[in-house]
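**Student:** sequence below, structure please.
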Amino acid sequence: MDKVGFIDEYGDKSIEYQKSGVSIYFIVTAIIVDKENITTLENKIKKITSKFTQAPEIKSNAKIFQDIDKRIAFLEQISLLDFKVYSVIVDKRKVFEDSGLKFRNTFFKYVNNLLDSDLYRYFPFIELVSDEHGTDKFMNGFIEYVNQNHFQTDLFRKPLFRFGDSKNEPLIQLADFISGTLARCYEPAKIIDNPNRIIEILKDRILHLREWPETSSLKYKLVNDIDNLYDSKIADFSLSQIAQFVNENEHKNDDQVKNQLICLHYLVFKFRINPYAYIYSDEIIERINIRGVDINKRLFTKDIIGKLREKGLLIVSSQSGYKIPCSEADLIHFFNNYNTKIFPMLRTLEQYDVLIKLATEGLINLLNHKEFELNKKLIAVMKSRK
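**Tutor:** Numbering: from 1, shown residues only. I've put the predicted structure just below:
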């Protein structure tokens with residue numbers, strides 16, 4: 001099904017964030033929708049908006065939404081609609097401290113790159129629509145970047161772009177509202193007391209919130225530093241391995257790698273909300289299948305989780321699902337989960353070995369074959385520990 005992304009942003013494009021009135025964060029949001037559902041969705045947005053304001057346009061900086069309770073109430077109703085959110089959230093303080101991105105044009109090109117690498121990972125032929133007022137330099141840079149760098153998988157289809165007037169595009173207005181609302185989770189002058197409240201409301205709509213530069217896991221954990229259940233060495237090592245994999249693979253066009261990256265982005269996103277929570281495979285698979293692929297649980301376990309583990313990434317699992325480990329308890333659960341599978345398999349091999357020897361009067365003894373030498377040793381160790 002064809003997808004359309006409606007783009008708007010929060011914050012100043014100025015890199016002079018030290019100046020009064022200039023935002024520290026720059027947030028770009030794409031609202032992703034099915035093309036055939038646009039009219040229906042726009043009508044629903046207008047109906048919800050009419051309950052809050054008679055203004056012709058939803059604007060995040062409107063007076064009514066300065067009241068956080070009204071903003072949250074509007075967000076709760078809007079979040080029930082059928083759309084997805086992808087955002088790039090840039091902390092200009094970290095970008096320009098010691099970086100080659102200290103120049104405005106370089107900054108724009110890099111953010112263009114972030115948009116391209118993630119949006120097109122999900123949707124190779126997405127149509128993008130941006131507000132024609134105030135974003136033309138950013139969007140023109142994005143168009144130029146994609147035309148020069150985007151790998152075409154179909155010679156007869158290319159990415160589509162157009163500019164729209166936000167006054168007539170409720171979904172651009174929604175992108176503006178979501179960007180401005182996410183700023184309440186980041187911008188020091190605007191941040192609310194419980195920013196996770198916003199993320200929790202949007203959790204079913206979010207494809208990915210890509211923070212750049214990547215920040216330490218300690219910013220997100222919901223525990224006190226003195227909580228000995230949280231092991232920063234385990235968590236930071238796990239996240240650093242994931243970050244390295246993402247950096248090395250985000251420009252590859254292999255479908256399996258794209259699916260793996262989506263899985264990792266979602267695991268990290270959920271970890272930032274609650275590092276102790278497990279995620280059921282169905283929830284991750286749903287995010288991957290938005291691309292139009294058909295990944296089932298078997299393929300998910302084998303080609304995504306299995307391959308990532310083979311490459312040295314720590315992803316633990318239990319009967320409750322998958323997560324990035326942050327404690328010794330996570331690792332114990334993971335080992336126990338495997339034990340519940342490994343030991344019954346070894347016991348079955350042991351039983352079959354006995355039955356086969358009985359049936360063949362000892363003529364067939366598979367565990368004496370060189371190929372099964374390790375199996376025999378493992379069974380012996382298991383028996384010795386009973």
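**Student:** which residues of the stretch 251-386 of the chain fall in strands?
**Tutor:** 316-318, 321-323 (DSSP state E, counting those that start in this stretch).
**Student:** cool, and the stretch 1-150 of the chain?
**Tutor:** Counting by DSSP E, counting those that start in this stretch, the strands of the stretch 1-150 of the chain are 3-10, 25-34, 84-91, 127-131.
**Student:** as CSV, those strands with mean neighbour count would be great.
**Tutor:** The C-beta positions use only the backbone N, C-alpha and C, and glycine is treated the same way. Compiled in CSV, the strands of the stretch 1-150 of the chain are given as follows (neighbours: other CB atoms under 10 Å):
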stretch, mean neighbour count
strand 3-10, 25
strand 25-34, 24
strand 84-91, 22
strand 127-131, 22
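**Student:** so for P56, which of those strands sits nearest?
**Tutor:** strand 127-131 (14.9 Å; CB to CB).
**Student:** TSV please, covering the strands of the stretch 1-150 of the chain and showing distance to E361 and mean pLDDT.
**Tutor:** Converted to TSV, the strands of the stretch 1-150 of the chain look like this (distance: least, CB to CB, whole Å; pLDDT from 0 to 100):
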stretch	distance to E361	mean pLDDT
strand 3-10	66	90
strand 25-34	66	91
strand 84-91	65	89
strand 127-131	72	83
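**Student:** can you list these in CSV and add distance to K258?
**Tutor:** Putting these into CSV (distance: least, CB to CB, whole Å) gives the following:
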stretch, distance to K258
strand 3-10, 15
strand 25-34, 16
strand 84-91, 14
strand 127-131, 19
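**Student:** out of those strands, which gets nearest to T301?
**Tutor:** strand 84-91 (24.6 Å).
**Student:** got the angle between the closest one and strand 3-10?
**Tutor:** Relative orientation of strand 84-91 and strand 3-10, computed by axes from the mean of the first three to the mean of the last three CA atoms, to 10 degrees: 30 degrees.
**Student:** helices of the stretch 251-386 of the chain, residue ranges please.
**Tutor:** 255-273, 281-289, 297-299, 307-310, 328-359, 373-384 (DSSP state H, counting those that start in this stretch).
**Student:** format those as CSV; extra columns: mean pLDDT and mean neighbour count.
**Tutor:** Compiled in CSV, the helices of the stretch 251-386 of the chain are given as follows (pLDDT from 0 to 100; neighbours: other CB atoms under 10 Å):
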stretch, mean pLDDT, mean neighbour count
helix 255-273, 91, 20
helix 281-289, 93, 17
helix 297-299, 94, 11
helix 307-310, 96, 14
helix 328-359, 85, 13
helix 373-384, 83, 13
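**Student:** dig out what Y10 forms beta bridges with.
**Tutor:** With DSSP bridges as the criterion, Y10 is bridged to I27.
**Student:** give me the distance between it and K92.
**Tutor:** From Y10 over to K92 the distance is 12 Å, taken as CB to CB, to the nearest Å.
**Student:** what residues are shared contacts of the two?
**Tutor:** S23, Y25, F26 (CB atoms under 8 Å, 6 or more residues apart in numbering).
**Student:** for the first one, list the residues it contacts.
**Tutor:** Remark: with contacts taken as CB under 8 Å, 6+ apart, S23 is in contact with Y10, G11, D12, Y17, K92, A183, E187.
**Student:** name the nearest of those residues relative to L171.
**Tutor:** Of those, the one sitting nearest to L171 (CB to CB) turns out to be Y10, at 16.0 Å.
**Student:** now the closest one: how far from I178?
**Tutor:** Y10 is 9 Å from I178, by CB to CB.
**Student:** any common contacting residues for these two?
**Tutor:** By CB under 8 Å, 6+ apart, the residues touching both Y10 and I178 are T29.
**Student:** how confident was the prediction at the closest residue in space to L366 that isn't next to it in sequence?
**Tutor:** Nearest non-adjacent residue to L366, counting by CB to CB, 6 or more residues apart in numbering: F372, 5.7 Å away. Looking at F372, its pLDDT stands at 89.
**Student:** wouldn't F372 be in contact with I356 here?
**Tutor:** No: F372 is beyond contact range of I356, at 11.8 Å (criterion: CB atoms under 8 Å).
**Student:** which residues do these two both contact?
**Tutor:** Contacts common to F372 and I356, judged by CB under 8 Å, 6+ apart, are L366.
**Student:** and the strands of the stretch 1-150 of the chain: which comes nearest G306?
**Tutor:** Between these, strand 84-91 lies closest to G306; by CB to CB that is 26.8 Å.
**Student:** CA atoms only: put the closest one into PDB for me.
**Tutor:** What follows is strand 84-91, C-alpha atoms only, in PDB (Å, rounded to 0.1, in the frame of the first residue of the first chain):
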ATOM      1  CA  LYS A  84       2.700   6.500  12.400                       C
ATOM      2  CA  VAL A  85       5.300   8.900  13.700                       C
ATOM      3  CA  TYR A  86       8.900   9.100  12.700                       C
ATOM      4  CA  SER A  87      11.000  11.900  14.200                       C
ATOM      5  CA  VAL A  88      14.600  13.000  14.200                       C
ATOM      6  CA  ILE A  89      15.500  14.800  17.400                       C
ATOM      7  CA  VAL A  90      18.700  16.800  17.200                       C
ATOM      8  CA  ASP A  91      20.500  18.300  20.300                       C
END
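**Student:** distance from it to the middle of the chain?
**Tutor:** Offset of strand 84-91 from its chain centre (CA atoms, centre = their mean, to the nearest Å): 10 Å.
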